[in-house]
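[1] Here is a sequence together with a model predicted from it:
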Amino acid sequence: MKYYIIAGERSGDLHGGNLVRALRREDPSATFRGFGGEYMKDAGVDLAVHYSEMAFMGIFELLGNLRKISKFIRQCKEDINRFQPDVVILIDYGGFNRRIARYGRSRGLKIFYYIPPKVWAWYQRRVWELKANVDRMFVILPFEKDFYKKFDWEVDYVGNPVLDAVRAHVPDEQFREREGLGGDKPIVALLPGSRKQEVQRIIPLMEEVVRRHPTYQYALGAVDNLEPTLYGNLKRMENVRFVYNKTYDLLRHAVAAIVTSGTATLETALFRVPQVVVYKTSPLSYFFAKLVLKVPHISLVNLIVGREVVRELIQGDANPSETSSELERLLHGDRREKVLEGYEELVHLLDAGDSASENAARLMVGYLRA
């Protein structure tokens, strides 16, 4: 069978590459074409466009490139027409992929969506558009099944790729020595995120927590594509080590963590590291977020379990006093055990047996053959 796959960012490309490999095992004669990146290309996808050409960040950059985005949408439609696939598989990248879903449905094509946009968090009315244009939905968060049931839509939960990645991680046994974290002194992980704006807002908070607890050993999970100046004074603090692009090895050795909200909260939980979640944005963005958000939590851990497992400190609550107090409770109080118990519940909810890509591929090929 012929598969057209569309991923518009790095994480989607990674999940797309894993999915393509799993599809090949289920359908050895398969051919693949689409929009993606190196992971999908290495898995055997004939790329029409590399996602790096479509990487627009922020509302102003998007508005400034509307003509270019329209060109890529038009190019994608034309390429699908030429390729004549048995199915179009969409991976996240909601703004672009929703348009392709609508186009594919108008052409009578099968449309599968793997890792759909987070419509449960805001713009829930978009579910009706997705339902009208997508044949099968493959979700990676357990609560999404119940969410879509409210709209009389049965979707498939296939497992979570983050759980798969954590389980597949091969640890570096020399990590502490290589990173200058020798000895038995416990490590507190600092995970400020990978986006410029979120790092800028959260680093001053982390600096102050380090100053308040100078006896602890800290390791900051940094990324090398950001300017070093964004990390402020932490580089000059003797009890802070910078660990670049080795977050999983860092979490394997950490005893607690301060984490900016995002996928890192889930990764931290799956490595069983008690954490406090912190998040800051601009006052205007926070005001509008409060108007449109439809969920009671911001961290994936709490959203999946359905209650507060980890403390979330947002905006004004994300201050040195509150953060330091919660860190102390995670290191020395009974709060630590309660968080770890919540993590076990989280893993139980996420576990779907085989990997998400294997489960999704098996279901996809089964639906197509049926």
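    Thanks, I have it.

[2] Output the below-cut-off pLDDT ranges for the chain.
    55-67, 286, 288-289, 291-293 (pLDDT under 70).

[3] The same query, at a cut-off of 50, please.
    Within the chain, the stretches with pLDDT under 50 are 56-64.

[4] Just give me the residue right at the centre of it.
    Nearest to the mean C-alpha position of the chain, by CA atoms, centre = their mean, lies Thr263 at 4.2 Å.

[5] residue ranges for the strands of this structure, please.
    With DSSP state E as the criterion, the chain has strands at 2-7, 31-36, 46-50, 87-91, 110-114, 136-139, 156-157, 187-191, 217-222, 240-244, 254-260, 275-279, 311-314.

[6] Same list (those strands) but as TSV, adding distance to His15 and mean neighbour count.
    Bear in mind the C-beta positions are built from the backbone N, C-alpha and C, glycine included. Listed next are the strands of the chain as TSV, based on distance: least, CB to CB, whole Å; neighbours: other CB atoms under 10 Å:
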stretch	distance to His15	mean neighbour count
strand 2-7	7	24
strand 31-36	10	24
strand 46-50	16	16
strand 87-91	6	26
strand 110-114	7	23
strand 136-139	11	23
strand 156-157	15	19
strand 187-191	21	25
strand 217-222	21	23
strand 240-244	23	18
strand 254-260	22	25
strand 275-279	24	27
strand 311-314	26	20
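
[7] what would those look like in CSV with distance to Asp164?
    Listed next are those as CSV, based on distance: least, CB to CB, whole Å:
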stretch, distance to Asp164
strand 2-7, 17
strand 31-36, 19
strand 46-50, 24
strand 87-91, 15
strand 110-114, 13
strand 136-139, 14
strand 156-157, 14
strand 187-191, 20
strand 217-222, 20
strand 240-244, 23
strand 254-260, 20
strand 275-279, 21
strand 311-314, 25
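
[8] excluding its backbone neighbours, what's nearest the residue nearest to the centre of the chain?
    Closest residue to Thr263 apart from its sequence neighbours, by CB to CB, 6 or more residues apart in numbering: Val162 at 6.4 Å.

[9] Contacts only, for the one you found.
    Contact partners of Val162, counting by CB atoms under 8 Å, 6 or more residues apart in numbering, are 263, 266-267, 270.

[10] How about Arg212?
    Counting by CB under 8 Å, 6+ apart, Arg212 touches 320, 324.

[11] And it, how far from Ala219?
    Going from Arg212 to Ala219 by CB to CB, to the nearest Å gives 17 Å.

[12] Kindly report the same for Ala30.
    Separation of Ala30 from Ala219 (CB to CB): 43 Å.

[13] thinking again about what came up before, can you tell me which of the contacts of Val162 are in helices?
    Of those, the ones assigned to helices by DSSP state H are 263, 266-267, 270.

[14] Just send those residues back as JSON lines, with distance to Asp334 too.
    Putting the ones in helices among the contacts of Val162 into JSON lines (distance: CB to CB, whole Å) gives the following:
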{"residue": "Thr263", "distance to Asp334": "28"}
{"residue": "Leu266", "distance to Asp334": "24"}
{"residue": "Glu267", "distance to Asp334": "25"}
{"residue": "Leu270", "distance to Asp334": "22"}
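
[15] Could I have the PyMOL command that selects the buried members from the residues you listed?
    Command for PyMOL that selects the buried part of the ones in helices among the contacts of Val162, burial taken from 16 or more other CB atoms under 10 Å:
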select buried, resi 266+267+270
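
[16] Looking at the ones in helices among the contacts of Val162, which one is closest to Ala257?
    Within the ones in helices among the contacts of Val162, proximity to Ala257 (CB to CB) peaks at Glu267, which comes in at 9.8 Å.

[17] which residues sit in contact with that closest one?
    By CB under 8 Å, 6+ apart, the residues touching Glu267 are 162, 165-166, 247-248, 251.

[18] just to revisit the earlier point, wait, the residue nearest to the centre of the chain sits on Ser299?
    No. Using CB atoms under 8 Å, Thr263 makes no contact with Ser299, being 10.2 Å away.

[19] my guess is Arg24 meets Asn18, correct?
    No. Between Arg24 and Asn18 there is no contact under CB under 8 Å: 11.0 Å.

[20] which residues do these two both contact?
    Counting by CB under 8 Å, 6+ apart, the residues touching both Arg24 and Asn18 are Ala43.

[21] So between these two, which is more surrounded?
    A count of neighbours by other CB atoms under 10 Å puts Asn18 above the other of Arg24 and Asn18, at 23 against 16.

[22] ok, now which ones touch that one?
    Neighbours of Asn18 in contact, by CB under 8 Å, 6+ apart: 39, 43, 161, 164, 355-357.

[23] go again using 6 Å as the cut-off
    Shown in contact with Asn18 (CB atoms under 6 Å, 6 or more residues apart in numbering): Ser357.

[24] gap between it and Asp354?
    12 Å.

[25] Now do the closest residue to Gln275 other than its chain neighbours against Leu250, distance only.
    The shortest distance from Gln275 to any non-neighbouring residue, by CB to CB, 6+ apart, is to Ala257 (4.3 Å). Separation of Ala257 from Leu250 (CB to CB): 9 Å.
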